[in-house]
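>>> Provide a 3D model corresponding to the input given below.
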Amino acid sequence: MDFKNLGNSNLLVSPYCLGTMTFGETTDEKDAHQQINECIAAGINFIDTAEMYPTCPIKKQTTGATEKIIGNWIYKNLNKRKNLILATKVVGNGFKFIRDGGEINRKTINLALEESLKRLKTDYIDLYQLHWPNRGSYHFRAYWDYKPIKQNENKINDEFSEIVQTLYSLKEKGLIREFGLSNETCWGAMKFVEEVKKYNNFCVASIQNEYSLMCRLFDNDFNELAVNENIPLLAYSPLARGLLTGKYIGHKIPDGSRLSRDDKIKKIVNSKSDIAVRDYFGLAKRYDIDPIHMALAFCKDRPFMGSVIFGATDIIQLRRIIKGLDLSLSEEINNEIKKLYKKHPLTF
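Prediction:
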């Protein structure tokens, strides 16, 4: 694999990243540890988690379980920690199971990081991310009703200043190496860019937003921001929440699948998404490529990509994914994908 620096940071990451949001819910600890081991053996050095995980569904009693599972692996593999890029997130506004849904500020960042370090059994976090903007977000299908509000200039500037100052202090103490954004807008990202310029050797290392063959909002304004400000994308849901695996074709929702466990995202299975998935499957079949490998390779080769985050419910799914990690798509296939994207620009 070709490793590269994450933005202007010193974090050297693999083009793929192991997502862990099922650890502690649909993925037990034994399987989770096996996934980590086999990803490392395949050349992946990047693991992404969050204090609110697992999901599918989100439950109060399991919150934090994912970090604990990863922490148990780290404790048994201390000699491998220095070669691992470990990312986690402070959850932020509205998640009622943690700190009563309080917004991200100096106090919550310090509290959240302290607890994450304990659960993860590590002295530092390589990439500490802000999971959700305090202002709200258009992600997770909220773009249909997204209405940004006019911000109070003094108040919002104080908020960005406090957050960045807190993160810089944590970096100076060696508790985090870099920070990144998640589920953010172009405007929000630029506010952070302006703020980090007040500090030496500090940057917005990355932004983690949704991206796949079927959700390409990032291709527009964020594409230009990512390239010019060197803030690469960490793409989550590159398989469109499982649509691009084909298991939901024909409006099927198999028992045990993510959609069978999470009513909030069932609406992504509809007549338009079904047609789009069938077309992408047909394209992969014509070129004798596993559709999953095609979907991931497409994301990997985008010019603004930092790393593609994939997840697997079990080790069998993971092994299928790993088989295609070296794939790059030809210009011919990419031209075919362009045609399909024009035909199916946004299906859910």
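>>> Could you use CA atoms for every contact and neighbour count after this?
Will do.
>>> Show me what the longest helix anywhere in the chain is packed against.
Criterion DSSP state H: the longest helix present in the chain is helix 153-172. Here helix 153-172 touches helix 106-120, strand 176-182, helix 186-196, going by 3 or more CA pairs under 8 Å, 6 or more residues apart in numbering; DSSP states H and E.
>>> ok, 6 Å please
Helices and strands touching helix 153-172, by 3 or more CA pairs under 6 Å, 6 or more residues apart in numbering; DSSP states H and E: there are none.
>>> So which residues of the stretch 151-300 of the chain form strands?
Ranges of strands in the stretch 151-300 of the chain, per DSSP state E, counting those that start in this stretch, are 176-182, 204-210, 233-236.
>>> As TSV, these with distance to residue 35, mean neighbour count and mean pLDDT would be great.
Formatted as TSV, these follow (distance: least, CA to CA, whole Å; neighbours: other CA atoms under 10 Å; pLDDT from 0 to 100):
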stretch	distance to residue 35	mean neighbour count	mean pLDDT
strand 176-182	24	24	98
strand 204-210	22	25	98
strand 233-236	18	27	98
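>>> Quick one: closest of those to residue 279.
strand 204-210 (21.0 Å; CA to CA).
>>> Give me the buried positions along the longest helix of the chain.
For helix 153-172, the neighbour count (16 or more other CA atoms under 10 Å) marks 159-168, 170-171 as buried.
>>> any idea which of the residues you listed is closest to residue 45?
Looking across the buried residues of helix 153-172 and measuring by CA to CA, the closest to residue 45 is residue 171, at 21.0 Å.
>>> which residues touch that closest one?
residue 177 (CA atoms under 6 Å, 6 or more residues apart in numbering).
>>> Look up the pLDDT of it for me, please.
As predicted, residue 171 sits at a pLDDT of 98.
>>> go on, residue 93?
Residue 93 carries a pLDDT value of 81.
>>> on that earlier part again, turn the buried residues of helix 153-172 into TSV, columns for distance to residue 286.
Shown next, in TSV, are the buried residues of helix 153-172 (distance: CA to CA, whole Å):
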residue	distance to residue 286
159	52
160	49
161	52
162	53
163	50
164	49
165	52
166	52
167	49
168	50
170	51
171	49
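>>> What is the nearest of those to residue 345?
residue 160 (33.7 Å).
>>> excluding its backbone neighbours, what's nearest the closest one?
Among residues not flanking residue 160 along the chain, residue 192 sits closest, at 6.7 Å (CA to CA, 6 or more residues apart in numbering).
>>> Neighbours of the one you found, how many?
19 (other CA atoms under 10 Å).
>>> so how far is residue 205 from it?
According to CA to CA, to the nearest Å, residue 192 stands 11 Å off from residue 205.
>>> what does residue 113 give?
18 Å.
>>> go on, residue 136?
As for residue 136, its distance to residue 205 is 21 Å (criterion: CA to CA).
>>> Show me the contact partners of stretch 307-323.
15-19, 27, 35, 234-236.
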